[in-house]
Every structure is written in C-alpha cells, then in structure tokens.
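Enquirer: My questions concern the predicted model and sequence given below.
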Amino acid sequence: MPSWPEKRTWIGSHATRVDGPAKVTGAAKYASDVQPEGWLYGMILRSKWAKAKITSINLDKALKVPGIKAAVLSREGERTVRYYGEELAAVAGTSKQACLDALKAIEVRTTPLPFVVREEDAREESSPRVWEEAPNLSKPSVNEKGEVDKAFGECAAVVEGFYTTPVQIHHPLETHGNTVSWTEAGVTAWASTQGVFSVRDGLASSLNVPQNQVRVICDYMGGGFGSKFGPGIEGGLAARLSKAAGAPVKLMLTRFDQALAVGNRPSSFQKIKLGATADGTLHAFEFENYGTAGIGAGGSTAGGGGGAELRAPYIYRVPNIRVKQSAVAVNAGSARAFRAPACPPSSCGIEAIMDELAVKLNMDPVELRIKNDPSEIRQKQYRLGAERFGWNEKYRKPGTSPGAVKTGVGCGGASWGGGGNRRARAEAQVNPDGSVEVRCGTQDLGTGTRTLVALVAAEVFGLTPDKIHAQIGDTRFPYGNDSGGSTTAPSVCPAVYDACVNALAELQKQTGVDDARGANWLAACKKLGVNPLVASGQWREGLSSSGTGGVQFAEVEVDTETGFVKVKKITCVQDCGLVVSKLTCESQVNSGIIIGIGYALYEERVMDRHTGVVLNPNFETYKLPALADTPEIDIVLMDMPERGVIGIGEPVTIPTAAAIANAVANALGVRVTSLPITPARVLAALGKTGGAA
Amino acid sequence: MNKSNSEAGFSVSRRAFLKTFGTSAAAAAAGQLDTVAQGLSKADAEKLHGPGPVPITLNVNGKLLKLELEPRVTLLDALRNHSVLTGAKEVCDRATCGACTVLLDDTPVYACSKLAIEAQGHAIITVEGLAKEGRLSPVQQAFVQEDALMCGYCTPGFVMSVTALLKKNSHPTEEQVKTACAGNLCRCGTYPRVMKAALKGAGVSTTSNTEVISYAKLA
Amino acid sequence: MRPFAYATAFTPASARELIADNGCYLGGGIDLLGEMKEYIAEPKVLVNLKALPGLNKIEPGDKVWTIGANVTVGELEDHEGLKQTFRGLQQAAAEVGSRQIRNVATVGGNLAQHSRCWYYRQRDVYCLKKGGDMCYARNGENKYHSLFTGNTCISPVVSNLAVALAALDATVIVQRGEKPQRMTLAELYAKAWDNPTAHHSLEHGDLILQVEVPVQRRRSSYLQVSEKAMFDWALVSCAAAGRIEGDKISQGRVVLGAISNVPHQVQAANDLMEGKVLDEALADKVAGAILEKAQPHSANGYKIPIARALIRRTLMQLKA
C-alpha cells in the first residue's frame, strides 16, 4: 500500500500558488474571458412570472434586431413556468447591446397563475400548489430511536426552541456560463464549472452528440461553491445558439440571473426539543423541520427532498430521538448543493439548543459539548481551542457583560466526510529536457488544486514546483472527479502521486539511473533521447481517507442600542488529514469562515409574496461580507499525516454561523432565533421595536 | 443621425449663451472670463454623438485603443468585449462589487459605471498595465506571496484598489486599507490575506495567524 | 440600457437645451446608469455636466462656503478644511458608497438621486412611484422604509449629504429655466412628501449648480447605522449641528435620514434645545419630539430605537 513520504519538502510547505502570477496580471483566462474567432454574445430571456402558462413565445422581431445571429426557445410548445427567472428563450448577437435589444423584442403570451413564495404560506392546505399533483408540504420522513416521549419524562432539564435559517445564494463572483462552439467537428465548451466531465456528459446527452466529440475546458473558474455541476440550461442554450449562428457563443449569466435560477441553500424552520439528565448527558431529542428547496422540494415524496433535509442531532449522541423532516415547495428556483449541504443549518439548530441547555443546567457550553460529542478528535479540538481562544476568561453568564455594547462568546462543532474518489486518474509526462507536465481533468475553484498537483509532483521528482506544468481542466486529460464534497484533494493528490511514482520508476528503468530525483534529474531525462516518457496513475488506497471534525469559537460585540453586531474573533481548530499546501489550506479556512459570517449576519434571499419576485437580485441588498466585516481569524490546523489527504473545503464553513449566533445570545441574554442576525432582529429580541417615546 | 440633430439646433447659439450669463447670480458663480472664452470655443463640441456607433479612442495602459462604439457601451464592456483586455471582470455590472475597478488618472473607478465615450481623454490603467517587462509590480508580488487570492476573479479589482491606495498613501493604516477596499467584494474569503498583502506592499510585515499542530503530539 | 445620444455641455443653458424633453443629465453616473440598466429610466439623450465651468470647486469663505455641484463626494471627504469647519458634512461624505463611487459621484447627483426602494428598483414591479397603482412596500417587505410620509409611497430619502446639509442650514442653488432658485434642503425635497412619484422637488431640466453652507461657528456631526460595517445604505442616518458655548447648545439642529421621504427635521425638537445644557437627558427629549409621530410598518419599527441612539450620539459628539 502506498504512503506519503515521511520526509516532505513540498507537501505541507508554504509554497505560493502556482497560478498566482496569472491571476494578479489578468493573464488567467476564464470561460467568461475567452474570445474564440468570431465569437458572439449570448443572453437569456427569463420569466417575469412566478407561475404562468406560457402559450407562445415569438422570436421573429428579435431575429430582426441588427447584429442578432440566432434565437432559440428553451423549450418548444406550451408549458408552465414555475418561478420568477425560469428560462424562456435565448439570443446570440455581435454585441451585448444587440442582445439586450433583442430580448426586449421577444413577445411572450402568458396566463399568469396563482403562486406562493413563502414557506409559511406554502404549508397551508389552501395555498396555491407549486406542482399540481401534490401538496406543497411533503409528508414527513420519520426517524426514531429509543422511546423519546418516555425519555423526556426522565430528564432533569428540557429546553425547546424554534430556529430558522434563510435561503442563501451561492453568488460565486464569476457567474454561471459557458463559451460554446458547436460545429460539424463537435462541441468545444469553455465552462465555468466544478466538473468538466459533468459538463461534457450533460452536453453530449442533451445535444445528442457522442461524448468523444465534446471537449470541455476549464483552465480557470471564478468560484462555484457547489452550484456549478453540469452544463445547466444555459450551457445547452449556448450550444444551440452556436449551431444556429455558425459561430462560438459566450453566454454568461448576469448577477440578476444568479439570484434566481442557479441554485441556493435551502431554508430551515427547526422546532427542537432537547432534554438531559442532571449531569448533562443528553437523553431525549425531538426535531421537526420544513425548509424549502424551491420547486425542487415538494409533496411527491416523503421527506420532501430537494436537499432540504437536515442532519439531526448532527454530531451529538442522544439515545432517544424522533426526527421528522419535511420540505415545502415554493415558486422559486431549486436548491443546489452549497458548501457542506445541510450542515450549516443543522449546526445552527443543534448548537443553539445545546447552548440553551447549558444555560438551563448551569453548565459550561464547552463542557456540555465534550460530554456529548463522541468524537475524540473534536473533544481535543474543543480543549485546545478553548484555551487558545481564552474561553474561560471570556465566558460570562448570558447578558452579564456591562454597558450598552455587550460582548459574548459561543462555539460549535463540525463533522464532514470528504475523502478520495477511486475513479480519479492522472498522467505524468517527463520531457527529455527535464521539464514535467502533469495532466488531470480536474478543476481549481480557487481551492488550489493546480498548486497541489505541482507540489505532489515536485515532491516525488525532487524538483521545485515551478518546473512542473500542472495542467488541469480539460476533458482530454485523464478523468478527475467533479470538485465537490471536499473530495478533490484526496482524489487528485493520490492519483498524481501514483502517476509520478510510476513515471519516476519508468524513467529509472528506461535510463538505468538508480535515483533520478533532484540533482540527477536533468542528466537522467537527457537519456530519454527524443521520446518523452508518459506514465499513468490512479487513485490508490492508503493516501487519503475520509472524515473530518473541526470546532470554532466566536467572540462578538453587540451594540444593544442599535442592534449592530460585530464579530471580533473566530478561532478555528480543524483537522484535514495531511496538509498538502499550508497556504492554500489556510485560505480555505478563511474562506469557509467568511461565508459563515455572511450566513450569520447578512445573507438572505428576500421574496415578495404579492408579486413573486426576488427583491434582492443584486449585491446591494443581498449582502456579502466585506473586508471591514472580517474579524481576527485564528487558525490551528491539526496535522494528521497518517490519515492521508482528506479535504478541508467544507468542514470549515459548518459551525461558524452557529458559533456566532451563540455568541450573540451569550452577549444579550436573549437569543435571536432567525438568521441573519440583523440589527432589526437583535432589537426585536431585546423587545425594542416600535414605540416613539 | 447625430449630424442632423446638431444642425437642427442642439448647438448653442451665441445669443442663448450670453443670455444665460447675462444676469443671474448663478452666472456670476459660473462665469469666470477665461472659462467663458473656453466655453465659446467649445460650443461646437456640444454636439450629439450616437445613438449609433461613433469613433471612440481610449488611452489604455499607455496605448491608444480605437473603437467604434455606441454611447451606451460602458468602459468595462469596451475592454472585455471589444478588446482583449479581459483583466477587469464583470461580476455585478451595478457598481457594487469592484471586480471591474480600473484606474482613471490614478483614481479607482468602476468601469461598469463609466461610459466608454466619457472615458476618452483620461489615462486608463487596467491590471494588465501594472507589470513592467514581465516583472510583477510590488502590489502584485505581495498578493502572490501572501496568497491574497483564491479563484482570482476579484483579484484584478483588489490589485487595482490597493495599487491606487499605495500610490496615494504609501503607509496606510489597517483602517485605511479597509476603506480603500470597501468597494471590492470577494466570495472566496481572501480578505485577511488581502489585508496582509496591502500592508506588505506598504512595507509592513504581518505574522501568520495559522499554527500547524501535530495531532499525535496532543495529550 | 436603451440606445441614447451623448453630448457634453459647456454651459447650463446648453445642457438644458440638449436634454430637451427626453434626456437626462449625467453627473457621476452611478445612480442614472444603474436605473438605465434596469430600464427604469430610458432617456434618449445623456448630457455630461462635468465640463460645466466653475462648478467643480470647493470655495471656503468667512461667512459661507460654496461647493459646486460637480465637486465629487470624494473631494468632500478628502478636504482638510471641510473636515475642520463642517465635520458632519465630511463624515456624511465619507459614508457614501465606496471609494470608487465617491471618486465619481457628484454633490449634485447625490442630492438628486432616486429612490433605493427595492420595489422601485425592481425591473418587473410597476409600483406607485413609477406611476403604478400600489405601494408594494406598505403590505410587503418594508424593513428599509420610511417611518414618516405625507402620501402613500414609503420610500425614504437616502442622500447622506442632504441630511448633513440640512443640519447646517445649507442652501441649494438650482438653475430653473433662466433663473436660479435658492432652496433650503427642506424645499429641495418637499415635493416628495406629498407626491408619490417624486424623489425630490426638482423638475425636468432643473440643474443643481452649487450648495452654499453658512459658517455659523457651529459644530456638526453625522452618524449612520447600516447592516454592514462599510459600503452599505444607512438603516437610519442622523446629522446634528449647533453652537456650543460652555455646556449649553444654541441654534441646534437634528436631522434624520432614511426614515422619511424627506430629510426629517422637527422644528419643535430644535426649539427644545435652545440655550439648554446639552446632556443625554436633553438628547432623549429631543429624540422624543423628533420621533413622536413616527408610523412604523410591519418590519421597520426597529428604526425608532436606532434613531433615538443616533440622535443622542450625534448630539453628544458636538461636545467632543
């Protein structure tokens, strides 16, 4: 069984990102940047109605707009659209302006239908149905263990709460989209994607083109967070426009589109009851949730689906539980996996009720967690983190910090899978001049994959990373799995390692050099003559595993006169197995935490119940945290090389909002039970709404 | 189209011009003699351009970019879709995120909210114009060394904002860096490292707030 | 955006002629281009004002400062003298948008800016302010909306500068036809009180030329609360000004923004302060008078305690 070298130079080092220079100079070309010969601009027309019967869409006038080369419907015939923003048609033209004018010239005949956009409304029997054949609210799926009703009777302390989290939009900075060229020779798509093979297979299938005639390229992409798998409706439209126009079409979504139609994190409405014995051992847990995954949820299946189900009681061990999960459909875009799907909202619910229980038991919140969290890793992380954070010095009884600006602290834990995908492959090419190319059809979302590839190869060959040309993001390269679930590093690194180890062995065999690494490299390669050496590799057992923990602590300041919340500090203790690149690993931790801050304090999709529109399809009122909102972030990476590469992208975003919400509750002495924790919600929790005097 | 409009009376007649400046108090404020003289000579420059495409010359990174664009084309659109300068990114197109930040006479502005026709006559610098002969600028180097980037899509905008800041104030405080970068958003969460890179560009070293601890060595 | 013709004006008269019936003035462009991209505004002509002579200066004076309409908000923010003499105005300027916005946004444009109500700004909602039948915010999502209005529209005025200038008794000079009009800040926005389709009192073709700010040995301050730390619209903004002698305040003014269709100032509240010792108790009385007639909707009542806190804090800042 292979293993990582014990003595490591590049793996685990602070080497800088290999694509840094390309990104800081603007040389990096994203799908939105490429300009193949004769390219046209593409644009989508979307539904203005939350629900409507579309009787006809007339493209004639659009086709006559100067500069327009093609126009297609997203679907033929009469149909029902079910959310504000659903795709209707698309155009391609020689300029953005031509496309804008063409969209305005498309004539749509519709019959608007009754709709519902809020979860509380959609649950009612009398609500308009999103899907005609089933009620909006699904029957619950029920999971029971032990005898929960009896167990509550046995508890010394019981607490209850109702916690809600909003729909969160991914909003990667590069919008969804592709530049696609569909000719007789096949399809080439430059995609902003987390999975070049998922785009290839999706296009091949929807366009009826053989997979071997579809090539997808993703050299650089501007973020995905789970929402960019498959070509999407927009990819298919770009391809069809390209075919009709006889030219490549660049169809990137607008920021407005992003808020409507390409995924979101489902909301949650969690009713929780938790009981413990006198010494703080959790004994009974009852849970009910109904969130929405937009039109992706609904009554046809038990549990409701669409990704709205949560994990309950998540990381805690409780012998008697009853967990009821439903989901409710609304006329809004469906959910898609969003960085640690289900876990941040799950964490928000369970960590809130745990803190309530700690207060009731008069027990320290960290101790309560250590007592009931079976993970030895997390138990150690809590102890280490608490000391580093200064928990004992900072923790006070809720609401007891003096003055109008109150401070408080909170914490929470994470559990995530990650782990390697056995299908991952790679190829290493050693050239006679000593230069190296490593190819893997995987993606770098900003996670640093390209850098990991270079570091692993450098380690094996005893070279510096700048001698390695790490090539990724092309379906002509060996299969690398989709970048999701925190599986890229644990899939790609072993595959690349294997390919390089094989290449090294083959080089040594072919040239008769015993040890071709490092100082001997150039001489050995020269012996190759004219033929570069290519070796394959695949994921192998022993180099990666799955399962991470992680805990976070938050310190906040809340101005009780204005409701303004400021996060002062986050301490994160995170394990991720073997740290391959220290720098990119740390950046990932910052990344998850900052998205968690947005979830805690600023982000929520706001729908208007009367018109069915999204009211904040922009960054003005859908608020992302900025530099000034970023606290001091203190990170401890727990190096566990014996576990191999695991992946860190997701665990780090799981408990952040929960820890912040707990810190706010600790500061105020009352809890804001709905995220985001805006000044309005803080003041409401303090009973300070309305009243002039 | 524009030619007939200007002939039809959109240029200012001398009589109307003097009428404005004759009696009002506002005229006293607005009518310094030298500017009046300038104004008179510019009267024929007050013609309508467009709405169809018109010749537009942009001074970008020291080179002249000659284009034919409608007045409604923004500077960002001109750079990304009418030239090869795709460094400035379109992320929101609504002056809310900073990914399109370019320098106009050393001043950071949102290219998405500046009409190309209006950007004429100014020195425009984009991220492509910072490196000299393949050598990264100090700010670019600092971004790479401090890993102040992840997916990189917000990076050109941040690099421009920090470059502008350091040009104006070579020793900014953290608060001043926050103010300078308030108009730039990042979804990947590079902020802590952007701060480090900005301070590094100002010659201030910061310590890492990451510690790697071996789990095996924990009690 | 719809197609439009573009011209640069070199006199106010030609600017007026060039926009005719269907054109718009172009200042910094942040607000206007944003509306045009959503097809809320569809002018056929855009007239660049920034070459108008003499309107881009900040001119200090012993009795009055004159600030041209083309001065950028960033220039206000950076002006050392302004920071000393009119601290509240400088603070208000520093909170406008982001640095990139302040570098191009003009004083005139900031005062003349249109509603930020998310129903008004929604491309597919035809609300009362746009000429439709209904104010959707009233029975809808109104957490950012007005506590005071004289009509059915509850979209608040959001200009930071308007609030600070109102507290400083500034006058706005507006070219209307051939004559300049002098307007107080209250007059500049008065029409928005009664008329749901109005953002302010400016008529088509009116051109803000400059703002005159009297020097009255007054201290001034400005604070706002937003959801984010920076680059975020105020939930409530507040400007205070007054003459401080010893521990007493005279000629006191307090103005609130983002909570009314006009900059909200209550004369009775100002009168309460005259000649009194400025302390927290007085500030709370003043707040009571200012907020007395507040009419919260379903989701914006929280603005009342924020306003109270800001009134106290801006007044206490005058003593500092």
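Expert: Structure received.

Enquirer: need the contact list for the nearest residue to A:Ile648 once chain neighbours are set aside.
Expert: Closest residue in space to A:Ile648, ignoring its immediate chain neighbours: A:Cys576 at 3.9 Å, by Cβ to Cβ, 6 or more residues apart in numbering or on different chains. In this view, the C-beta of every residue, glycine as well, is placed from N, C-alpha and C. Residues near A:Cys576 by Cβ atoms under 8 Å, 6 or more residues apart in numbering or on different chains: A:418, A:548, A:585, A:637-638, A:640, A:646-648, A:651.

Enquirer: helices or strands up against the strand or helix carrying A:Glu459?
Expert: Here A:Glu459 is covered by helix A:449-461, with elements defined by DSSP states H and E. Judged by 3 or more Cβ pairs under 8 Å, 6 or more residues apart in numbering or on different chains; DSSP states H and E, helix A:449-461 is in contact with strand A:436-440, strand A:468-472, helix A:488-511.

Enquirer: And residue 43, what's its pLDDT?
Expert: Chain wasn't specified; assuming chain A. We have a pLDDT of 98 for A:Met43.

Enquirer: look at chain C instead
Expert: Reading off the model, C:Pro43 has pLDDT 98.

Enquirer: Assign it to helix, strand or coil.
Expert: Look at C:Pro43: counting by DSSP: H, G, I helix; E, B strand; the rest coil, its state is coil.

Enquirer: For it, grab the count of nearby residues.
Expert: Counted by other Cβ atoms under 10 Å in any protein chain shown, the residues lying close to C:Pro43 total 20.

Enquirer: for A:Asn58, same thing?
Expert: Residues lying near A:Asn58 (other Cβ under 10 Å) number 14.

Enquirer: hang on, it packs against A:Leu88?
Expert: No: if you go by Cβ atoms under 8 Å, A:Asn58 and A:Leu88 don't touch, sitting 11.3 Å apart.

Enquirer: Quick check: neighbours shared by those two?
Expert: Here A:Asn58 and A:Leu88 have A:106, A:108 as joint contacts, going by Cβ under 8 Å, 6+ apart.

Enquirer: beta partners of the nearest residue to A:Arg643 once chain neighbours are set aside?
Expert: Nearest non-adjacent residue to A:Arg643, counting by Cβ to Cβ, 6+ apart: A:Gly577, 4.0 Å away. Bridge pairing for A:Gly577 (DSSP bridges) gives the partners A:Val645.

Enquirer: And A:Gly577, what's its pLDDT?
Expert: 90.

Enquirer: again with the one 3 residues further on
Expert: Looking at A:Val580, its pLDDT stands at 89.

Enquirer: Could you list the low-pLDDT ranges of chain C?
Expert: Counting by pLDDT under 70, chain C contains no low-confidence range.

Enquirer: Quick one: the helices in it, in order.
Expert: With helices called from DSSP state H, chain C shows them at C:12-19, C:30-37, C:73-78, C:80-85, C:87-94, C:99-102, C:107-112, C:160-167, C:185-194, C:267-273, C:280-291, C:303-319.

Enquirer: I'd like these as JSON lines, with mean neighbour count and distance to chain B appended.
Expert: Shown next, in JSON lines, are the helices of chain C (neighbours: other Cβ atoms under 10 Å in any protein chain shown; distance: least, Cβ to the nearest Cβ, whole Å):
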{"stretch": "helix C:12-19", "mean neighbour count": "24", "distance to chain B": "4"}
{"stretch": "helix C:30-37", "mean neighbour count": "22", "distance to chain B": "5"}
{"stretch": "helix C:73-78", "mean neighbour count": "22", "distance to chain B": "8"}
{"stretch": "helix C:80-85", "mean neighbour count": "14", "distance to chain B": "14"}
{"stretch": "helix C:87-94", "mean neighbour count": "25", "distance to chain B": "8"}
{"stretch": "helix C:99-102", "mean neighbour count": "28", "distance to chain B": "4"}
{"stretch": "helix C:107-112", "mean neighbour count": "26", "distance to chain B": "12"}
{"stretch": "helix C:160-167", "mean neighbour count": "29", "distance to chain B": "15"}
{"stretch": "helix C:185-194", "mean neighbour count": "20", "distance to chain B": "16"}
{"stretch": "helix C:267-273", "mean neighbour count": "16", "distance to chain B": "28"}
{"stretch": "helix C:280-291", "mean neighbour count": "19", "distance to chain B": "28"}
{"stretch": "helix C:303-319", "mean neighbour count": "23", "distance to chain B": "18"}
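
Enquirer: Save these as JSON lines, and put in distance to B:Cys181 too.
Expert: Shown next, in JSON lines, are the helices of chain C (distance: least, Cβ to Cβ, whole Å):
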{"stretch": "helix C:12-19", "distance to B:Cys181": "35"}
{"stretch": "helix C:30-37", "distance to B:Cys181": "18"}
{"stretch": "helix C:73-78", "distance to B:Cys181": "15"}
{"stretch": "helix C:80-85", "distance to B:Cys181": "22"}
{"stretch": "helix C:87-94", "distance to B:Cys181": "15"}
{"stretch": "helix C:99-102", "distance to B:Cys181": "8"}
{"stretch": "helix C:107-112", "distance to B:Cys181": "22"}
{"stretch": "helix C:160-167", "distance to B:Cys181": "20"}
{"stretch": "helix C:185-194", "distance to B:Cys181": "32"}
{"stretch": "helix C:267-273", "distance to B:Cys181": "38"}
{"stretch": "helix C:280-291", "distance to B:Cys181": "35"}
{"stretch": "helix C:303-319", "distance to B:Cys181": "26"}
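
Enquirer: which one of those helices lies closest to C:Tyr120?
Expert: Among the helices of chain C, the nearest to C:Tyr120 by Cβ to Cβ is helix C:30-37 (9.4 Å).

Enquirer: Other residues contacting the closest one?
Expert: By Cβ under 8 Å, 6+ apart, helix C:30-37 touches B:72, B:74, B:93-95, B:110, B:113, B:115, C:1-2, C:24, C:26, C:41-43, C:46, C:97, C:101, C:104-105, C:109, C:113-114, C:121.

Enquirer: Need the buried ones from the residues you listed selected in PyMOL.
Expert: Buried residues among these (16 or more other Cβ atoms under 10 Å in any protein chain shown), as a PyMOL selection:
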select buried, (chain B and resi 72+74+93+94+95+110+113+115) or (chain C and resi 1+24+26+41+43+46+97+101+104+105+109+113+114+121)
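
Enquirer: So which of the contacts of helix C:30-37 belong to strands?
Expert: Using DSSP state E, B:110, C:24, C:26, C:46 are the members of the contacts of helix C:30-37 that sit in strands.

Enquirer: roughly how far apart are the first one and chain C?
Expert: With distances taken as Cβ to the nearest Cβ, to the nearest Å, B:Tyr110 is found 5 Å from chain C.

Enquirer: my guess is that residue meets B:Ala95, correct?
Expert: Yes: the criterion here is Cβ under 8 Å, and B:Tyr110 meets it with B:Ala95 at 4.7 Å.

Enquirer: intersection of neighbour lists for these two?
Expert: The contact sets of B:Tyr110 and B:Ala95 overlap at C:30, C:100-101 (Cβ under 8 Å, 6+ apart).

Enquirer: neighbours of A:His610, just the number please.
Expert: Using other Cβ under 10 Å, the number of residues around A:His610 comes to 14.

Enquirer: Contact partners for it?
Expert: C:136, C:139-140.

Enquirer: is it fair to say it lies in a strand?
Expert: No: in this structure, A:His610 is coil, not part of a strand, as judged by three-state DSSP.

Enquirer: Could I get the pLDDT score of it?
Expert: A:His610 carries a pLDDT score of 96 in this model.

Enquirer: Look up how far C:Asn139 lies from it.
Expert: From A:His610 across to C:Asn139, the span is 7 Å (Cβ to Cβ, to the nearest Å).

Enquirer: same question, C:Ala299
Expert: C:Ala299 is 11 Å from C:Asn139, by Cβ to Cβ.

Enquirer: of those two, who's got more company?
Expert: The neighbour count for C:Ala299 versus C:Asn139, taken as other Cβ under 10 Å, is higher for C:Ala299 (17 against 12).

Enquirer: Much appreciated, bye for now.
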